[in-house]
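Colleague: Pasting a predicted model and its sequence here:
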Amino acid sequence: DSGVTQTPKHLITATGQRVTLRCSPRSGDLSVYWYQQSLDQGLQFLIQYYNGEERAKGNILERFSAQQFPDLHSELNLSSLELGDSALYFCASSVVTSGSGEQFFGPGTRLTVL
Amino acid sequence: LAKTTQPISMDSYEGQEVNITCSHNNIATNDYITWYQQFPSQGPRFIIQGYKTKVTNEVASLFIPADRKSSTLSLPRVSLSDTAVYYCLVGDMGNTGFQKLVFGTGTRLLVSP
């Protein structure tokens, strides 16, 4: 158990819909990262937040957005869903913000878009 | 932006040493190299991290040559439970500019009895 929690574990929805994925980082970790893992794209970094502020952006679509709240939990919002958005979405947290440091990954949310 | 390349798969036997190499030709000065292990339907788990030369911990060693354009994860005496996918990650999250963290394509290691 990494100490990072993600809800829900599974999510099934239809194209065009909007969903919200939630992540609670390890106690004391200020940085939260979001990743997408699909069969054909591997692990893709989406976005990072540190103490409520966006710090780095990866391959995140404009239809996706994220935020980190004062209690440090984070939400990833996916809208206008397409079939290709079906994937595992991981959240990770770390205590350091600089280039080194270990990220602790949550168990993931499996999103299926029908 | 560092692009990483790994072998797709490797096979080994219990008790052998396994070396997995990741190529990252355009690694940036501030980039670190991190390796993760992932089992099916689980999040990746940190193995080891380094910047240059050699790093060793209780489970693995990481070798990084002087030019840093590649790195090699070494797993001593693998067991069946080491069967997993191994990813290298290159990146620097300290830069407030939009530096990306880039995962390698992953190497599927199969350890047989």
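Modeller: Looks like it came in fine.

Colleague: Ramachandran angles for residue A:83?
Modeller: Here is the backbone geometry of residue A:83 (degrees, to the nearest 10): phi -60, psi -40.

Colleague: what does residue B:81 give?
Modeller: The phi/psi pair for residue B:81 (degrees, to the nearest 10) is phi -70, psi -10.

Colleague: Relative to chain A, how far out is it?
Modeller: Residue B:81 sits 17 Å away from chain A, going by CB to the nearest CB, to the nearest Å. To be clear about C-beta, it is placed using only N, CA and C from the backbone, and glycine gets the same treatment.

Colleague: can you tell me which helix or strand the residue positioned nearest the centre of chain A belongs to?
Modeller: Central residue of chain A (CA atoms, centre = their mean): residue A:34, 3.1 Å from the mean position. Under the criterion of DSSP states H and E, residue A:34 resides in strand A:31-38.

Colleague: quick one: buried residues of that strand?
Modeller: A:31-37 (16 or more other CB atoms under 10 Å in any protein chain shown).

Colleague: Report the mean per-residue pLDDT for that strand.
Modeller: Average pLDDT, strand A:31-38: 92.

Colleague: And the contacts of it?
Modeller: A:23, A:25, A:43-51, A:55, A:59-60, A:66, A:68, A:72, A:74, A:76, A:84, A:86-97, A:103, A:105, A:108, B:93, B:101, B:103 (CB atoms under 8 Å, 6 or more residues apart in numbering or on different chains).

Colleague: who does whichever residue of chain A sits closest to chain B bridge with?
Modeller: Chain B sits closest to residue A:105 of chain A, with a gap of 3.0 Å, by CB to the nearest CB. Beta bridges link residue A:105 to residue A:92 when assigned by DSSP bridges.

Colleague: Touching, it and residue A:94? I think so.
Modeller: No: using CB atoms under 8 Å, residue A:105 makes no contact with residue A:94, being 10.1 Å away.

Colleague: what's the overlap in contacts for these two?
Modeller: In contact with both residue A:105 and residue A:94: no residue, using CB under 8 Å, 6+ apart.

Colleague: Now do the helices in chain B.
Modeller: Counting by DSSP state H, chain B yields no residue ranges for helices.

Colleague: Show me the shaky parts of chain A.
Modeller: Within chain A, the ranges that satisfy pLDDT under 70 run A:96-100.

Colleague: what ranges do the strands span in it?
Modeller: A:5-7, A:10-13, A:19-24, A:31-38, A:42-50, A:53-57, A:64-68, A:74-78, A:87-94, A:104-105, A:109-113 (DSSP state E).

Colleague: Could you do chain B as well?
Modeller: Taking DSSP E to define them, one finds strands in chain B at B:9-13, B:18-23, B:32-38, B:45-50, B:53-56, B:61-64, B:70-75, B:84-91, B:102-103, B:107-112.

Colleague: Could you find the closest non-adjacent residue to the residue nearest to the centre of chain A?
Modeller: Once flanking residues are discounted, residue A:34 sits nearest to residue A:46: 4.2 Å by CB to CB, 6 or more residues apart in numbering or on different chains.
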